[in-house]
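Peer 1: I would like to see how this sequence folds:
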Amino acid sequence: MIRILRLKKSHVHKNEWILYNPDNFNLHTHCGNKRVALAIKRNVEKRRLPSSKNIRTIESHIRVVGNGKYKRELIQLLEEVKEKNRKK
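Peer 2: Residues are numbered from 1 along each chain as shown. Here you go, the predicted structure:
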């Protein structure tokens with residue numbers, strides 16, 4: 001079952017967006033840009049791996065995911081990106 005994520009503007013920080021699961025608010029992340037938040041939302045709902053290799057973006061994906069298999073794939077991608085950055 002695909003969970004629909006919600007996006008709302010933060011009341012505390014005016015230039016921040018909060019992406020969250022309405023069934024479990026513990027699964028949420030804060031984004032500074034609405035376009036990034038929408039990309040994360042689209043990827044998570046369709047269970048796609050992010051095209052960006054930015055560590056912060058991958059971690060944001062992990063924070064809103066409830067599915068174990070998809071979460072493991074994201075964690076593996078994060079480990080690969082971190083390893084690649086260490087070698088540089």
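Peer 1: what comes up buried for the longest strand along the chain?
Peer 2: When the chain is scanned for its longest strand (criterion: DSSP state E), the result is strand 24-31. Residues of strand 24-31 classed as buried under the neighbour-count rule (16 or more other C-beta atoms under 10 Å) are 27-29, 31. Any C-beta I mention is one placed from the backbone N, CA and C, and that applies to glycine too.
Peer 1: the helices in this protein, which residues?
Peer 2: Here the chain has its helices, by DSSP state H, at 34-45, 55-64, 68-87.
Peer 1: so which of those helices gets nearest residue 7?
Peer 2: Set against residue 7 and scored by C-beta to C-beta, these come closest in helix 34-45, at 5.6 Å.
Peer 1: next one: that closest one to chain centre, how far?
Peer 2: 7 Å (C-alpha atoms, centre = their mean, to the nearest Å).
Peer 1: buried stuff in that helix?
Peer 2: So for helix 34-45, counting by 16+ other C-beta under 10 Å, buried means 36-37, 39-41, 43-44.
Peer 1: where does the prediction get shaky in the chain?
Peer 2: 1-3, 88 (pLDDT under 70).
Peer 1: quick revisit: closest to residue 84 among the buried residues of helix 34-45?
Peer 2: Closest to residue 84, out of all of these and judged by C-beta to C-beta, is residue 43, at 20.1 Å.
Peer 1: list the contacts of the nearest residue to the closest one once chain neighbours are set aside.
Peer 2: Here the nearest residue to residue 43 in space, its sequence neighbours aside, is residue 50; by C-beta to C-beta, 6 or more residues apart in numbering that works out to 5.5 Å. Neighbouring residues of residue 50 by C-beta atoms under 8 Å, 6 or more residues apart in numbering: 39-40, 43, 57-58, 61, 74, 77.
Peer 1: please apply the same query to residue 22.
Peer 2: 4-6.
Peer 1: can you check residue 15 too?
Peer 2: Residue 15 neighbours (C-beta under 8 Å, 6+ apart): residue 32.
Peer 1: quick revisit: got the buried residues of helix 34-45 as TSV, with distance to residue 21 columns?
Peer 2: Converted to TSV, the buried residues of helix 34-45 look like this (distance: C-beta to C-beta, whole Å):
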residue	distance to residue 21
36	18
37	13
39	17
40	12
41	11
43	14
44	9
